[in-house]
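1. Quick one: sequence and predicted model below, then my questions.
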Amino acid sequence: MVEYYLQIRFAHVLLVCCSGALFATRGLLAIAGISWANMSALRWLSYTIDTCLLTAALMLVTILHQYPFVQPWLTTKVLLLAVYIVLGAYALRRARTRPARIAAYVAALLVFLFIASVAWQHDSRGILALLVTSAPG
Amino acid sequence: MDTTRRLWTGLGLLLAVAFAVLLAMGRELYLKAPPMPERVVSSSGQVLYTRADIELGRRVWQSIGGQQLGSIWGHGALIAPDWSADWLHREAVALLEIWSQRDFGTDYAHLSPAQQANLEAQLRSELRRNQYRGADGTIEVSADRAQAMSVVAAHYEDLFSADPALKALRVTYAMRDGTVDTAEHRHAMTGFFFWTAWSAVTERPGGAQSYTSNWPYDPLVGNTPTASTFIWTVFSVLFMIAGIGLLAWHYAAYHRKELPVTPPASDPLIGLKLTPSMQATAKYFWIVLALFLTQILLGAITAHYQVERDFYGFAISQFLPYSLTRTWHTELAVLWIATAWLGTGLYIAPAISGHEPKFQRLGVNFLFVCLLVIVVGAFAGQWAAVMQKLGLKYNFWFGHQGWEYTDLGRFWQLFLFVGLLIWLTLVGRALWPALRRKDDMASIVGLMFLSTIAIGLLYGAGLMWGENSHLSVVEYWRWWVVHLWVEGFFEVFAVAVISFIFVKLGLVRASSATANVLFATVVFMAGGVLGTFHHLYWAGTPTSVLALGASFSALEVVPLALIGLEAHETWSHSRATPWMERYRWPVMFFLAVSFWNLVGAGLFGFLINTPMALYYMQGLNLTPLHGHTALFGVYGMLGIGLMLFCLRGLRPALVWNQDLLRSSFWALNIGLSLMALLALLPMGVLQLQAALEHGYWYARSADFMGRDIMHLLVWMRVPGDTIFAIGALVLSWFVLRLWVRRAE
């Protein structure tokens, strides 16, 4: 499987982008009060992308022998993923007021971007690691 | 004689004749099974194996999981080789090398095509000639062959030890280090593997085919399909087409559309009085879901062992090896489905008769405790066996028997049999007033009870073999249990219970339902009983078994081809009246039963059914393709549908969360479809191509199964399996909410 590593990693990154873009779009629709946000076609598209994303992630984990709860940065990713899912659910469906929906949406996007930065840096501190290492002295 | 009586008479005659033939062929099988030698000697007189070695070796093989790690004569697990085919090919290659070095002083691969052809002809003559002497029970092999056997035996002895040189191969085969604990046991096991390979290539006395009808396919040793294999394939297809034609004509001629029944104004079951024993069945359904979720988790681990020895960083293979997770995965499949049915039987019996016998609730609770003890006790014994902590002395009784689907130790088998008899007694005593009533419901109730009796008693066939019974004999009785359950009386139970529910709901007339169910039973049993033999084509059986198995198992497909009629009827019932909305999801699961009966049992079952097809496909991924889609697709969906029907009655006043059930239903169906279409089907087809081009051994080999494309296809299980698991979790959450909400 290691021969397919680059392709699988590419698929993983592409699916992350698709998943994030779809959530961002659905969230905006939900905030605007447009019912399309939760139409079944979009929900099924989301399930499909996320299932494929999970498959690619598990393949990478196995190829690299780097596992959550062994490697700290992967543990961080998994834990923050749970936070992202909960915030996402509030942003799209569960929030009862518009301000709460907006707050959940913004928080979910921030968590999403931070997860991406953790993956990019292979460091639990994510983007913050760059700030620390580039700080003078 | 009225229609019902005629059908009962026909069914009685059919079952009497079919079981008589099944038993008569069993006698043939006893007489014509491959001989078990007293000793295997080389021409120089050296004793290579004794009968005691071979029998000990089989017990060792059983203790490590038997058919749950690799397979023998094609029966067993998909990971690790078929040991018979693998031994046979390795022995052939080793013998060619020995001759090549001796005669030409070079490797076999460096010989000219003519030299290779010459040696291969010599090889076929050497291996296929029957060297068994009946007078003293001796198999005598040449000195060269004895040398080749020792080469292969050494390979296996290293493989089943903790030898670091073969660690990579053990990872591919999902074996733990030190699979067999002692050198003596490892050597004895090679004797058993040799004997199965010897039976697979040695020609029967006076015949031109091996004891296993030339299975496995391996042109190098002259194992190619026999003429009978081809002939009975062709005839079986003809029988099937004729059967479908006949049944279609019968439907057209005799099953005219009846005047529609006017449904009751309200749900007739809404006022159903819940007796204490009916209420006590709730815990059966909770345990069904717990077992179902555990089965899914074990399935995920089992599948994952195809690509990695550990489970995402958790080093579990040394204490939870593949053969164990697969054992529990397959056993739990039967156990949770059976528990759903047991619970349904116990719930529905007092509901039918309106009679709560004395101490019925105590009996329901007692049986539940027995089932828990059996599951925990049997699984603990199997763990101790596979980890080689139990010892062979107690393995047969309390450990792992190694026979797929009937793996429980004999003590636990007996206990389960007693449990099934208790269940029969509990259902029977509650049903008794209804059975005695002789009203228009009597026949359908009787048929349902008959199927439950058959399900209970047929498990007794699993007690017919002993610790050292002949392998062919064990296979014969094992399939009595497995086949006659899933392809016989389970089908009858399914048809009867679904029809009965519609009758009780007032959507179908009892008289027409009775005739339809009886007719369906006759049709199912016409192929079902003797179709048992389609599992035994290559199990050391004579050609007559192949002929009967091919012909009658093809008839099993006949009712499935027309199952769309039944599905349409079920769908119509769901729309008959507004209050049927209460039963929407049980009915949807019943519809799924029809769909998967056509696809999983009919299409994917027939894909591997004919002798010619199974000759190449047995034990490839096309087998679990049928297994998953038929066992879960048909009986799992039925179990869930029945559970929901019972829950409707157990929690009559609650408004169900339709969204949860809708999500669960579609996730389970879509997940199962993806599992089949993205992974099992393409893997099976690639393996089939490999088997056709190189021989069966190659399609199961580490070389082939370790290819990137095969690993990629294993990963393609993740989307389907994930969606499926979400469906099961959502269903569990739904059931949990039925009780948790009440507490609120």
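-> Noted; the coordinates are in hand.

2. can you tell me which helix in the chain is longest?
-> By default, I'm working from chain A. Ranked by number of residues, the top helix in chain A under DSSP state H is helix A:5-31.

3. hmm, I had chain B in mind actually
-> Per DSSP H, chain B has its longest helix at helix B:322-353.

4. picking that back up, what comes up buried for the longest helix of chain A?
-> A:8, A:11-12, A:15-16, A:18-20, A:23, A:26-27, A:29-31 (16 or more other CB atoms under 10 Å in any protein chain shown). (C-beta placed from N, C-alpha, C; glycine too.)

5. Just send these back as CSV, with distance to A:C52 and pLDDT too.
-> Formatted as CSV, the buried residues of helix A:5-31 follow (distance: CB to CB, whole Å; pLDDT from 0 to 100):
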residue, distance to A:C52, pLDDT
A:I8, 11, 91
A:A11, 8, 93
A:H12, 9, 93
A:L15, 6, 94
A:V16, 11, 94
A:C18, 9, 94
A:S19, 9, 93
A:G20, 14, 93
A:F23, 15, 93
A:R26, 18, 93
A:G27, 21, 92
A:L29, 23, 91
A:A30, 23, 89
A:I31, 27, 90
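
6. Any chance of CSV for the residues you listed, columns distance to chain B?
-> Converted to CSV, the buried residues of helix A:5-31 look like this (distance: CB to the nearest CB, whole Å):
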residue, distance to chain B
A:I8, 9
A:A11, 11
A:H12, 12
A:L15, 12
A:V16, 16
A:C18, 15
A:S19, 14
A:G20, 19
A:F23, 18
A:R26, 18
A:G27, 21
A:L29, 20
A:A30, 18
A:I31, 23
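
7. Go through these and say which is closest to B:L119.
-> Closest approach between the buried residues of helix A:5-31 and B:L119, by CB to CB: A:I8, at 45.2 Å.

8. For the closest one, give me its contacts.
-> A:1, A:56, A:59-60, A:63 (CB atoms under 8 Å, 6 or more residues apart in numbering or on different chains).

9. Same question for B:T50.
-> Going by CB under 8 Å, 6+ apart, the list of residues near B:T50 reads B:38-40, B:191.

10. are any of these buried, and which?
-> Counted by 16+ other CB under 10 Å, those give B:39-40, B:191 as buried.

11. Is the nearest residue to A:L74 once chain neighbours are set aside bridged to anything, and to what?
-> Take A:L74 and drop its neighbours on the chain: the residue closest to it by CB to CB, 6 or more residues apart in numbering or on different chains is A:P68, 4.3 Å away. Beta bridges link A:P68 to A:Q71, judged by DSSP bridges.

12. Run a quick neighbour tally on the residue nearest to B:L95 when sequence neighbours are not counted.
-> Leaving aside its chain neighbours, B:L95 sits nearest to B:A148 (4.0 Å; criterion: CB to CB, 6+ apart). By other CB atoms under 10 Å in any protein chain shown, the residues close to B:A148 number 25.

13. B:A148 contacts B:A94, correct?
-> Yes. Assessed by CB atoms under 8 Å, B:A148 is found in contact with B:A94 at 3.9 Å.

14. farthest-separated two in the buried residues of helix A:5-31?
-> Top of the distance list for the buried residues of helix A:5-31 (CB to CB): A:I8 and A:I31, 34.4 Å.

15. tell me what the longest helix of chain B is packed against?
-> helix B:276-280, helix B:282-304, helix B:360-386, helix B:410-436, helix B:442-458, helix B:490-504, helix B:637-650 (3 or more CB pairs under 8 Å, 6 or more residues apart in numbering or on different chains; DSSP states H and E).

16. now the first helix or strand past the fifth one going along the chain against helix B:490-504, angle please.
-> The helix or strand immediately downstream of helix B:442-458 is helix B:471-484, counting by DSSP states H and E. Taking axes from the mean of the first three to the mean of the last three CA atoms, to 10 degrees, helix B:471-484 and helix B:490-504 form an angle of 10 degrees between their directions.

17. Show me what helix B:471-484 is packed up against.
-> Short answer (3+ CB pairs under 8 Å, 6+ apart): helix B:471-484 packs on helix B:3-32, helix B:442-458.

18. Including mean pLDDT, distance to B:I231 and mean neighbour count, could the ones you listed go into JSON lines?
-> Formatted as JSON lines, those follow (pLDDT from 0 to 100; distance: least, CB to CB, whole Å; neighbours: other CB atoms under 10 Å in any protein chain shown):
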{"stretch": "helix B:3-32", "mean pLDDT": "92", "distance to B:I231": "18", "mean neighbour count": "14"}
{"stretch": "helix B:442-458", "mean pLDDT": "84", "distance to B:I231": "31", "mean neighbour count": "21"}
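
19. now for these, which one comes closest to B:W697?
-> That would be helix B:3-32 among these, by CB to CB, at 25.5 Å.

20. Following element in sequence after the closest one, please.
-> Going down the chain from helix B:3-32, the next helix or strand is strand B:39-42, by DSSP H and E.

21. Adjacent strands (with direction) for that next one?
-> Partners of strand B:39-42 in the sheet, by DSSP bridges, are strand B:47-50 (antiparallel), strand B:138-141 (parallel).

22. quick one: contacts for the residue most central in space within chain A?
-> In chain A, the centroid-proximal residue (CA atoms, centre = their mean) is A:F112; its distance is 4.4 Å. Each residue near A:F112 by CB under 8 Å, 6+ apart is listed here: A:20, A:23, A:84.

23. any idea how far chain B is from it?
-> 20 Å (CB to the nearest CB, to the nearest Å).

24. element containing that residue?
-> helix A:98-121.

25. buried sites along that helix?
-> A:101, A:104-105, A:107-109, A:111-112, A:114-119, A:121.

26. how about CSV for the helices and strands packed on helix B:471-484, with distance to B:D144 added?
-> Listed next are these as CSV, based on distance: least, CB to CB, whole Å:
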stretch, distance to B:D144
helix B:3-32, 30
helix B:442-458, 48
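
27. so which of those comes closest to chain A?
-> helix B:442-458 (37.1 Å; CB to the nearest CB).

28. same for the closest one, what does it pack against?
-> On a contact count with 3+ CB pairs under 8 Å, 6+ apart, helix B:442-458 meets helix B:322-353, helix B:410-436, helix B:471-484, helix B:490-504, helix B:510-528.

29. again, only this time at 6 Å
-> With contacts defined as 3 or more CB pairs under 6 Å, 6 or more residues apart in numbering or on different chains; DSSP states H and E, the packing partners of helix B:442-458 are helix B:410-436, helix B:490-504, helix B:510-528.
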